[in-house]
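Participant: Let's see this in three dimensions:
(2 chains)
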There are 2 protein chains.
Amino acid sequence: MPQPIEFFFDFSSPYGYLASRKIDAIGAKHGREVVWRPVLLGAVFKVTGGQPLVQIPIKSDYVARDFVRFARLLGVDFKMPGNFPFSSIHAVRSFWWADSQNPKLAHDLAQHLLNTAFSGKDIASAQAVATAAAEIGIDSAALLAGIESQEVKDRTRAESDAAIARGVFGSPYIVVDGEPFWGADRLDQVEKWLETGGW
Amino acid sequence: MPQPIEFFFDFSSPYGYLASRKIDAIGAKHGREVVWRPVLLGAVFKVTGGQPLVQIPIKSDYVARDFVRFARLLGVDFKMPGNFPFSSIHAVRSFWWADSQNPKLAHDLAQHLLNTAFSGKDIASAQAVATAAAEIGIDSAALLAGIESQEVKDRTRAESDAAIARGVFGSPYIVVDGEPFWGADRLDQVEKWLETGGW
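Facilitator: Residues are numbered from 1 along each chain as shown, chains lettered A, B, ... in the order given. Predicted coordinates:
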């Protein structure tokens, strides 16, 4: 049984969103399960001294252009959220809350939240997350209560710490058989690694 | 007559080196001249707040692995310089000194200096640059005198400022018909842009 592909992403990462629209198909093509793992890049940046791409002088202009151009190349709908970068803490907590009930539900919620954010809508507040979740049949009241539980908060922190300890420093960060690939622009290399077992 | 491809790179950039080994062939395939333009990322980082990849916690481990893996994928020899990151000011000045005599010579010197650095050797000092230059028939004494001239120093600064003003914030940074592409991992997109005229 081959190992699953691990897909780490931040809900407020445009490149993470782009990869999210391709990674399941790549996994399926190669008979691999894909395990989705949201991370909080804000916590990572405290360790690495990084900052959101769109806040870096000069580079910000480039990446704003690249997001759109790359999305077009991949054939993926893309619109920057009005509020950006946004806090993804409620989105991440909702993921782990859903995951504790049903990993498939957590996956579907994550994809829907990413799609919502990068169709230009807000998913920063707990209420916005709950509203989006309701669109795929998740009970808003249960979600809002769940993400306030200590258990979910602890899980969110533990998973974030574990990801950083694993070396996750950006989004997307994809691990295939122990081999890490950072960036939506590494999807081709991920595919080649899956095809060849490495080079 | 199609516009030349502009290839901006830093002599101390592993990804710039990798791209340098491919960009001329990509240009030739599409009937395009490639104009090489060294930049000083140190000057760029003063504007962007960036820092050398290998000095960033966590990320440094990934990129060290990625340099080697990417080089293997491209079929390019690669060995990290012992002294890294190193100052590339003398290499850049030697480029502009050579360029003032003969742009083709400057190109060949740049490729040789990059190849030298990423075969693990030092090109940080003026003497090391002169020694490497002598290997391709350039007079060491003339180079050492040339890179100390005010004219060459002024050109180096002016070109660096102009590149930053153009939006160059990293290495490699490749411009095709006004369209910028950052990173060795964008070479495929550069090729596609040349083939299709954009998407």
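
Participant: Pick out the least confidently modelled helix or strand of chain A, by mean pLDDT.
Facilitator: helix A:41-48 (a mean of 79; mean pLDDT, DSSP states H and E).

Participant: does chain B sit close to it?
Facilitator: Yes - judged by CB under 8 Å from any CB of the partner chain, helix A:41-48 comes into contact with chain B through A:Val44, A:Val47, A:Thr48. From N, CA and C alone the C-beta is placed, and that goes for glycine too.

Participant: what packs against that helix?
Facilitator: Helix A:41-48 sits against helix A:150-166, with contacts defined as 3 or more CB pairs under 8 Å, 6 or more residues apart in numbering or on different chains; DSSP states H and E.

Participant: A:Pro57: what's it in contact with?
Facilitator: B:Val47, B:Thr48, B:Gly49 (CB atoms under 8 Å, 6 or more residues apart in numbering or on different chains).

Participant: how does it look with 10 Å?
Facilitator: Shown in contact with A:Pro57 (CB atoms under 10 Å, 6 or more residues apart in numbering or on different chains): B:Val44, B:Val47, B:Thr48, B:Gly49, B:Gly50, B:Ile164, B:Phe169.

Participant: what does A:Phe67 give?
Facilitator: By CB under 10 Å, 6+ apart, the residues touching A:Phe67 are A:Pro14, A:Tyr15, A:Tyr17, A:Leu18, A:Leu53, A:Val54, A:Phe78, A:Lys79, A:Met80, A:Phe118, A:Ala184.

Participant: One more: A:Gly198?
Facilitator: A:Gly198 touches A:Val176, A:Asp177, A:Gly178, A:Glu179, A:Lys192, B:Arg69, B:Arg72, counting by CB under 10 Å, 6+ apart.

Participant: Can you give me the separation between the fifth one and A:Pro2?
Facilitator: From A:Lys192 over to A:Pro2 the distance is 16 Å, taken as CB to CB, to the nearest Å.

Participant: Read off the pLDDT value for the nearest residue to A:Lys153 once chain neighbours are set aside.
Facilitator: In space, and not counting its chain neighbours, A:Lys153 is closest to A:Arg93: 6.7 Å by CB to CB, 6 or more residues apart in numbering or on different chains. Note for A:Arg93: predicted pLDDT of 98.

Participant: With A:Ile138 instead?
Facilitator: pLDDT, A:Ile138: 98.

Participant: for it, helix, strand, or coil?
Facilitator: Under the three-state scheme (DSSP: H, G, I helix; E, B strand; the rest coil), A:Ile138 adopts coil.

Participant: That one contacts A:Leu109, doesn't it?
Facilitator: Yes - contact status for A:Ile138 versus A:Leu109: in contact at 6.5 Å, counting by CB atoms under 10 Å.
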